[in-house]
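>>> Any chance you could fold what I've pasted below:
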Amino acid sequence: MLIEKKIAQLLTAQKKTLSVAESCSGGLLCHWLTNIPGSSNFLKLGLVVYSNDAKIKFLKISLQTIKKHGAVSQTVARQMAGNVRKIFKTDFGIAITGIAGPGGGSPAKPVGLTFIALSTKKKIVCQKFVFKENRLRIKSQTATQAFKMFLKLISSHQ
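Numbers count the residues shown, from 1 in each chain. Presented below is the predicted three-dimensional model:
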């Protein structure tokens, strides 16, 4: 069974809702979820907040935070996950920010650097990854890893 189908079954059984804020994955996570019939029962919102302006306007991430830590940072990912959940009143929030390449990287923040954050009403967890290969593979690896993290989280909520 596909991991997104397991997630859909768990969210449906638990009567829980999800909102998603994606940057470098460009909506791939939501695309995979919306391929599942009935996903509107749990997926309430998916935003592609690719620009800093979008992160500021829709997720209320402060410009000062972005300037201090960078849009691709644990701090911004955590705020994205927490804010998407709070603003859109869902049980869970997932946020992804990273550098999919082939350009845009630096020695401090290489292409493939990605932060995935998950939010519940009680906690926010965030993990850092550096994925390899081309842009499409980095996006796919990012979405897959976000699902793995989220499946572990919601499995513990039963």
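>>> Straight-line length of stretch 78-97, end to end?
End-to-end span of stretch 78-97 (C-alpha to C-alpha, to the nearest Å): 10 Å.
>>> list the buried ones in it?
Across stretch 78-97, burial judged by 16 or more other C-beta atoms under 10 Å covers 78-85, 87-88, 90-97. To be clear about C-beta, it is placed using only N, CA and C from the backbone, and glycine gets the same treatment.
>>> So which of these are in strands?
Among those, the members found in strands (DSSP state E) are 92-97.
>>> wait, what's in contact with the spatially most central residue of the chain?
Closest to where the C-alpha atoms of the chain average out (C-alpha atoms, centre = their mean) is residue 95, at 2.5 Å. Neighbouring residues of residue 95 by C-beta atoms under 8 Å, 6 or more residues apart in numbering: 20-22, 77-78, 80-81, 84, 115-119.
>>> One more: residue 135?
By C-beta under 8 Å, 6+ apart, residue 135 lies in contact with 100-102.
>>> Just the buried subset of these, written out for PyMOL, thanks.
To isolate the buried members of those in PyMOL, using 16+ other C-beta under 10 Å:
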select buried, resi 100+101
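>>> Let's verify the residue of the chain most remote from its centre: helix, strand, or coil?
For the chain, the largest distance from the centre (C-alpha atoms, centre = their mean) belongs to residue 107, which lies 23.8 Å off. Judged by DSSP: H, G, I helix; E, B strand; the rest coil, the three-state class of residue 107 is coil.
>>> And for the one 10 residues further on?
Following three-state DSSP, we place residue 117 in the strand state.
>>> try the one 5 residues further on
Classification of residue 122 into helix, strand or coil gives coil, according to three-state DSSP.
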